[in-house]
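In: No letters, just coordinates:
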Ligand SMILES: NC(=O)C1=CN([C@@H]2O[C@H](COP(=O)(O)OP(=O)(O)OC[C@H]3O[C@@H](n4cnc5c(N)ncnc54)[C@H](OP(=O)(O)O)[C@@H]3O)[C@@H](O)[C@H]2O)C=CC1
Ligand SMILES: Nc1nc2c(ncn2[C@@H]2O[C@H](COP(=O)(O)O)[C@@H](O)[C@H]2O)c(=O)[nH]1
């Protein structure tokens with residue numbers, strides 16, 4: 001099998017057809033909504049909160065609220081409905097989550113998007129949860145994950161998933177690859193390509209993005225949407241704690257399976273890091289969009305589809321994608 005990751009790939013430019021990068025359209029239809037960019041902040045406690053979710057929804061960006069404050073999910077859906085904004089929440093697969101879905105139906109609190117957020121998404125527990133949500137809330141767009149193989153994409157799509165999230169272990173605060181020996185860490189982009197070959201529904205590339213150009217690479221290799229944690233972690237608006245060390249500012253970023261999140265030492269597959277403070281997320285979102293417009297111009301087209309058609313070269317392979 002040919003393996004490669006973000007840092008191993010260069011996309012090959014084609015003749016430019018636009019007079020300005022501003023002409024390039026980065027928008028993406030995902031579910032019933034169209035978003036400014038195929039980028040979504042990770043559904044993690046240090047990356048997204050209610051305030052940022054409202055900002056993103058109001059400004060044309062996709063978001064997925066994390067699932068670690070279970071009691072706040074119903075009020076959140078109500079709040080978003082009152083503001084006439086789309087709602088996008090996460091669930092797990094434990095027994096009480098089945099009841100939660102039924103309560104949403106009974107109370108007519110229908111989220112636009114539900115993400116089933118589990119480490120090993122190619123499992124009966126996720127398949128059963130997809131079926132349950134689709135039965136109770138047929139209008140809701142269901143994102144299921146995480147997976148790393150074509151077989152998993154086929155199984156989750158067959159169960160009724162509207163999109164599948166690809167990425168086992170490529171994340172910046174992930175230690176799954178080290179603790180279990182499994183995953184797509186170091187070959188996330190190749191794993192995405194394998195999944196693309198069988199997917200009939202959208203894929204979300206999740207984890208491992210270290211540079212804005214990796215968004216274009218994700219699109220080339222099959223993603224409709226790209227989930228990003230670490231690149232967003234250092235901002236004013238992301239909820240991780242601000243820390244000062246030797247006169248420099250950092251923000252706290254920890255894995256959803258870290259001790260910081262779980263509060264127990266059982267099955268730890270995530271770590272805590274400090275990332276340099278970067279100011280407002282608005283500047284980063286704008287810069288990301290400009291860089292993606294530039295990617296589109298290099299691809300010789302005017303929209304994201306053009307990126308899917310470019311050729312590429314593989315330069316080398318490293319299993320850590322810049323993480324040590
Ligand atoms: N994308 C990635 O690479 C990874 C992401 N994460 C993130 O960490 C968070 C916690 O994930 P997770 O532990 O799944 O969530 P939970 O702790 O909610 O576990 C969900 C259920 O799945 C079971 N489960 C978890 N992992 C496995 C496994 N490998 N095999 C069989 N059953 C399993 C758990 O049982 P039990 O705990 O008893 O096994 C539990 O019943 C999530 O937000 C997830 O996205 C975590 C690791 C990898
Ligand atoms: N193996 C683990 N993966 C995790 C954990 N918490 C989150 N994640 C995944 O990482 C991405 C974000 O990746 P990044 O490279 O952009 O920082 C996130 O969306 C999850 O899929 C964890 O504790 N362990």
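Out: Arrived safely, thanks for sending. Nothing here was measured: the structure is a model prediction, and the numbers come from that model. Numbering: from 1, shown residues only. Ligands and ions are numbered 1, 2, ... in the order given.
In: State the distance from whichever residue of the stretch 1-150 of the chain sits closest to ligand 1 to residue 175.
Out: Scanning the stretch 1-150 of the chain for the residue nearest ligand 1 gives residue 119, at 3.3 Å (criterion: Cβ to the nearest ligand atom). (Each C-beta comes from the backbone N, C-alpha and C, glycine too.) Per Cβ to Cβ, to the nearest Å, residue 119 is found 12 Å from residue 175.
In: joint contacts of these two?
Out: Contact criterion Cβ atoms under 8 Å, 6 or more residues apart in numbering; residues shared by residue 119 and residue 175: residue 269.
In: picking up where we left off before, wasn't the residue of the stretch 1-150 of the chain closest to ligand 1 part of a helix?
Out: No: counting by DSSP: H, G, I helix; E, B strand; the rest coil, residue 119 is not part of a helix but coil.
In: what about the residue positioned nearest the centre of the chain, which SS state?
Out: Nearest to the geometric centre of the chain sits residue 227, at 2.0 Å (Cα atoms, centre = their mean). Look at residue 227: counting by three-state DSSP, its state is strand.
In: nearest residue to it other than its sequence neighbours?
Out: residue 206 (4.0 Å; Cβ to Cβ, 6 or more residues apart in numbering).
In: same thing with residue 304?
Out: Computed as Cβ to Cβ, 6+ apart, the closest residue to residue 304 that is not its neighbour in sequence is residue 219, at 5.6 Å.
In: What of residue 234?
Out: Nearest non-adjacent residue to residue 234, counting by Cβ to Cβ, 6+ apart: residue 278, 3.9 Å away.
In: residue contacts, the residue nearest to residue 298 when sequence neighbours are not counted?
Out: Of all residues not flanking residue 298 in the chain, residue 13 sits nearest, at 4.4 Å (Cβ to Cβ, 6+ apart). Shown in contact with residue 13 (Cβ under 8 Å, 6+ apart): 298-300, 310.
In: got those as TSV, with secondary structure, pLDDT and distance to residue 270 columns?
Out: Listed next are the contacts of residue 13 as TSV, based on DSSP: H, G, I helix; E, B strand; the rest coil; pLDDT from 0 to 100; distance: Cβ to Cβ, whole Å:
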residue	secondary structure	pLDDT	distance to residue 270
298	helix	98	35
299	coil	98	35
300	coil	98	40
310	coil	98	34
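In: Filter those residues down to the buried ones.
Out: Buried residues within the contacts of residue 13, counting neighbours by 16 or more other Cβ atoms under 10 Å: 298-300, 310.
In: tell me which parts of the stretch 51-200 of the chain are close to ligand 1?
Out: Contact residues (Cβ under 6 Å from any ligand atom) of the stretch 51-200 of the chain with ligand 1: 92-94, 117-120, 125, 146, 167-169, 171, 174, 176.
In: mind running it again at 8 Å?
Out: Residues of the stretch 51-200 of the chain lying near ligand 1 by Cβ under 8 Å from any ligand atom: 66-68, 90, 92-94, 117-120, 123, 125, 145-146, 165, 167-171, 174, 176, 180, 183.
In: And these, which of them are buried?
Out: Buried subset of these (neighbour count, 16+ other Cβ under 10 Å): 66-67, 90, 92-93, 117-120, 123, 145-146, 165, 167-171, 174, 176, 183.
In: Confirm for me that the residue nearest to residue 234 is in contact with residue 235.
Out: Yes: between residue 278 and residue 235 there is a contact under Cβ atoms under 8 Å: 5.5 Å.
In: any idea how far stretch 128-135 is from the chain center?
Out: 21 Å (Cα atoms, centre = their mean, to the nearest Å).
In: Give me the residues contacting that stretch.
Out: Against stretch 128-135 from outside (Cβ under 8 Å, 6+ apart): 91, 93, 97-98, 101, 114, 116, 140, 142, 144, 156, 159-161.
In: from the stretch 1-150 of the chain, which residue is nearest to ligand 2?
Out: residue 42 (3.4 Å).
In: confidence score at that residue?
Out: Looking at residue 42, its pLDDT reads 98.
In: how much space between the closest residue to it other than its chain neighbours and residue 188?
Out: Spatially, and ignoring its direct neighbours in sequence, residue 42 is nearest to residue 229 (3.6 Å; Cβ to Cβ, 6+ apart). Applying Cβ to Cβ, the value for residue 229 to residue 188 is 13 Å.
In: of the two, who's got more company?
Out: Counted by other Cβ atoms under 10 Å, residue 229 and residue 188 do not tie: residue 188 has more neighbours, with 30 against 27.
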